[in-house]
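Asks: Test case, fold it:
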Amino acid sequence: QVQLVESGGGLVQAGGSLRLSCVASGRTFSTYTINWVRQAPGKEREFVAAINWGGDITNYADSVKGRFTISRDNAKNTVYLQMNSLKPEDTAVYYCASSRDMVSSWSRRYDYWGQGTQVTVSS
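Replies: Here you go, the predicted model:
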């Protein structure tokens with residue numbers, strides 16, 4: 001089993017940056033693909049980014065390509081989401097979620113979720 005805890009959210013002006021962290025517990029963390037998924041008020045959950053266990057394969061939603069970067073440090077059981085050039089439409093609760101592998105991630109199949117961290121971008 002994997003437990004996930006997000007942090008790093010906050011209030012930022014448009015054009016600013018934030019870095020989210022997702023710290024995992026569980027000895028099998030390094031074998032999981034980790035995703036960032038967000039949900040804005042009144043909207044469905046939206047895939048943001050994913051990174052495979054080795055950190056050499058990543059996937060991004062078109063809406064964040066070129067602005068967000070996902071990375072991981074398996075020694076620290078942590079996945080990061082660097083968010084630059086933030087826009088008001090990026091405002092949402094950001095969750096990290098694990099998938100068995102990238103194929104599961106592409107199919108939007110998630111096993112474990114964190115509690116989420118709020119990101120608010122003001123115009």
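Asks: bridging residues for residue 92?
Replies: residue 119 (DSSP bridges).
Asks: With residue 69 instead?
Replies: residue 82.
Asks: Report the contact partners of it.
Replies: Going by C-beta atoms under 8 Å, 6 or more residues apart in numbering, residue 69 touches 81, 82, 84. Heads up, the C-betas are built off the backbone N, CA and C, glycines and all.
Asks: One more: residue 20?
Replies: Residue 20 neighbours (C-beta under 8 Å, 6+ apart): 6, 7, 8, 9, 36, 80, 81, 83, 94, 96, 117, 119.
Asks: Secondary structure element for residue 22, which one?
Replies: strand 18-25 (DSSP states H and E).
Asks: Can you tell me which of the contacts of residue 20 are buried?
Replies: By neighbour count, with 16 or more other C-beta atoms under 10 Å, the contacts of residue 20 hold 6, 8, 9, 36, 80, 81, 83, 94, 96, 117, 119 as buried.
Asks: show me where pLDDT drops low in the chain?
Replies: 27 (pLDDT under 70).
Asks: just to revisit the earlier point, kindly present the buried ones among the contacts of residue 20 as TSV, with separate columns for secondary structure and distance to residue 63.
Replies: Below are the buried ones among the contacts of residue 20 laid out as TSV (DSSP: H, G, I helix; E, B strand; the rest coil; distance: C-beta to C-beta, whole Å):
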residue	secondary structure	distance to residue 63
6	strand	20
8	coil	20
9	coil	18
36	strand	12
80	strand	19
81	strand	14
83	strand	12
94	strand	13
96	strand	18
117	strand	19
119	strand	14
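Asks: got the residues you listed as TSV, with distance to residue 43 columns?
Replies: Listed next are these as TSV, based on distance: C-beta to C-beta, whole Å:
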residue	distance to residue 43
6	19
8	21
9	17
36	16
80	24
81	19
83	18
94	13
96	18
117	17
119	14
